[in-house]
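Dropping the sequence and predicted coords here.
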Amino acid sequence: MITAGPTHEPIDPVRFIGNHSSGKMGYALAEVFANQGADVHLISGPVHIRAKNPNIRVTRVKTADEMNSVCIQELENSDIIILSAAVADFKPENIATEKIKKTDKNLTIQLTKTPDIAEGLGKLKKQGQVLAGFALETEHEVRNAIQKMERKNFDFIVLNSLKDTGAGFGFDTNKIRIINRSGKIFTYELKEKSEVAKDISRYIEANFHV
Ligand code: C5P
């Protein structure tokens, strides 16, 4: 099971809160695992790309709540779970039923927390299942990534830094470090996301019996 892309949190019937995640990393992971014969379930937020391999079953969702429900439902059928979606952390507390009218006054939208899908799955995870996620940090990268991995009960975390040119959101390339539960760090070169996905799949193959 792989999550990919952003989530869109509606404000009114025509507006939402979102982010610039392209979904490229998650879709690249889905292709690599499917090419190796895995039955891949890709849970995708709104993106402009399509899965190619017919072994990829795609469930399209819009909001963090929708992504959360599908992930929880599908968890028990999953051996490897990779969470690469850029899930919105907050959503509007109330969704206006009609388009919000423009006025001369400022507009305040009250936001409330979305579910942390990763943390929830980390609590439900059974022995033998491999759970991994991503971290995009701007400071104290390794320390924050390790804390995140422990809080979310990931078996490993993939750290990408916004400081590396060509890495992360929207780019076709990425530069990652994989950190495991013993705090060991594996550093990889900047490469195409399809190659990064292969590195992640090789890492799983070498370190877990799935
Ligand atoms: O806490 P942060 O958002 O930085 O954590 C990133 C990791 O957690 C990613 O693997 C992301 O897919 C996952 N995540 C999630 N649900 C959220 C927030 C993050 O699954 N609400």
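Yep, that arrived.

What is the longest strand of the protein by residue count?
Residue-count comparison of every strand in the chain, with assignments taken from DSSP state E, identifies strand 130-137 as the longest.

wait, does it contact the ligand?
Yes - contact between strand 130-137 and the ligand, assessed by C-beta under 6 Å from any ligand atom, occurs at Gly133, Phe134, Ala135. C-betas here are computed from N, CA, C, even on glycine.

Which neighbouring elements make contact with that strand?
Strand 130-137 is packed against strand 80-83, helix 117-124, helix 141-151, strand 156-161, helix 193-207, with contacts defined by 3 or more C-beta pairs under 8 Å, 6 or more residues apart in numbering; DSSP states H and E.

pull the helix or strand with minimum mean pLDDT from this protein.
strand 173-174 (a mean of 88; mean pLDDT, DSSP states H and E).

Which neighbours in the sheet does that strand have, and how are they oriented?
Strand pairing for strand 173-174, determined by DSSP bridges: strand 191-192 (antiparallel).

I would like the residues contacting the partner strand, please.
For strand 191-192, contacts defined as C-beta atoms under 8 Å, 6 or more residues apart in numbering pick out Asp172, Thr173, Asn174, Lys175, Asp199.

That one: how far from the chain's middle?
Distance of strand 191-192 from the chain centroid (C-alpha atoms, centre = their mean, to the nearest Å) equals 18 Å.

just stretch 131-144 next, same as before
Put simply, stretch 131-144 sits 13 Å off its chain's centre (C-alpha atoms, centre = their mean).

change the start of the numbering to 5 and stick with it
Noted, 5 is the first residue going forward, which turns the last one into stretch 135-148.

what's next to it, contact-wise?
29, 84-88, 90, 122, 125-126, 129, 149, 152-153, 156-167, 172-173, 181, 183, 189, 204, 208.

could you redo the last one with a cut-off of 7 Å?
Residues from elsewhere that reach stretch 135-148 (C-beta atoms under 7 Å, 6 or more residues apart in numbering): 85-88, 122, 125-126, 129, 149, 152, 156-166, 172, 183, 189.
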